[in-house]
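Engineer: Just to be clear, the model below is a prediction. Sequence and coordinates:
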Amino acid sequence: MKAKSPVVQSKLIAHRGASAFAPENTLEAIELAARMGAQWVEIDVKLTRDGALVVIHDDTLDRTTSGQGAVVLNTLEHIRSLDAGRWFSSTYAGVAVPTFDEVVDTVIRLGLGLQVELKPTTGDDLETAEAAIPLLRQRWPRDHHKLFVSSFSTRALGKARALWEEVPLCLASLVAPADPAKLLAEYDCQILHVVDPFLNESHLNRLRDSAVEFAVATVNDPHRARYLLSRGAQSVITDYPNLLDINARQAGM
C-alpha cells in the first residue's frame, strides 16, 4: 500500500505546548514552544459547567490548578480565577487556564500547526464536539492548512466529521489496531496516534506496513524518537520541542 502525503509534515508535535519547560496547555507554554522552534502544538479541550471551552487535560482541576473538583462541575468564571502556573514553578504563578478561542487565536498569530484533542468528560462526547468544532471552523483561516482534530472518543470524532466535512481527523488509541487502515476508514480519519508504552516491534511493523499516517505519544527520549521516526512514524508527540536537537547522551531525562 502506498502512503499518502502526511497531514502533519513535521517530525515533532509539542505536547500541550513546551510542557517540559512551562505549565502545560497554557498560552505561556504555546508561546515558548514557538520560540523553541516548534511547528505544531497539541492542546486539550474540555467543557465547563456553563458550556464554555477551556484548554486543560484532566477531568479535574486538582493537578494543574489551585482549584479542586471536576472541570465540568465548575463555571468558566471560577476556572479562570484559578492559578494554573504555580504548581509548575513560582515563575508562572498567576497564569490562567486559557479559553479555547484564546489558544486558537494565539496559534494562528504564531503561525503554528494545531492538533486539537477533544477531551470530553465521559458522557459529554457529543457536546464537546458541538461546542468546539463550529468555533474552530469559524476562526481557522482558510489558507492555513496546518490543523487536525483528534480524540480517543469515536463519538466525538463522528460528531466532528458531521460538523466539518473537510477537517482532518485523528483517532487516538492506546494500542496499534489489528488493521489500522480499516479502522481509520471506518471512522473517516486520516491519522492514527498510539501510546508508546503500549507499542512493541510487531505493532510498529503493522503500522508501517499499513501505510497509514501515525504518530507516537508521549516520547521524551531523543534515542527513542529517532528510532520511531526511522521505523515509519511520521511524527512523535513530545514535551520537549527541541527533542531532536538534544544530544543523544542526554537521553533518559
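Structural biologist: Sure thing, it's come through. Residues are numbered from 1 along each chain as shown.
Engineer: Show the contacting residues for the closest residue to Met36 other than its chain neighbours.
Structural biologist: Using C-beta to C-beta, 6 or more residues apart in numbering and skipping the chain neighbours, the partner closest in space to Met36 is Pro241 (4.2 Å). Yep, even glycine has a C-beta here, placed from its N, CA and C like the rest. Residues in contact with Pro241 (C-beta atoms under 8 Å, 6 or more residues apart in numbering) are 12, 14, 18, 32-33, 36-38.
Engineer: Tabulate those residues (JSON lines), appending secondary structure, distance to Leu171 and neighbour count.
Structural biologist: Putting the contacts of Pro241 into JSON lines (DSSP: H, G, I helix; E, B strand; the rest coil; distance: C-beta to C-beta, whole Å; neighbours: other C-beta atoms under 10 Å) gives the following:
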{"residue": "Leu12", "secondary structure": "strand", "distance to Leu171": "20", "neighbour count": "26"}
{"residue": "Ala14", "secondary structure": "strand", "distance to Leu171": "21", "neighbour count": "32"}
{"residue": "Ala18", "secondary structure": "coil", "distance to Leu171": "26", "neighbour count": "27"}
{"residue": "Leu32", "secondary structure": "helix", "distance to Leu171": "29", "neighbour count": "19"}
{"residue": "Ala33", "secondary structure": "helix", "distance to Leu171": "24", "neighbour count": "31"}
{"residue": "Met36", "secondary structure": "coil", "distance to Leu171": "28", "neighbour count": "17"}
{"residue": "Gly37", "secondary structure": "coil", "distance to Leu171": "28", "neighbour count": "12"}
{"residue": "Ala38", "secondary structure": "coil", "distance to Leu171": "23", "neighbour count": "23"}
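Engineer: so which pair among those is furthest apart in space?
Structural biologist: The widest separation within those, taken as C-beta to C-beta, falls between Leu12 and Leu32 and amounts to 14.2 Å.
Engineer: Tell me who's in contact with Leu174.
Structural biologist: With the criterion set at C-beta under 8 Å, 6+ apart, Leu174 makes contact with 194-195, 198.
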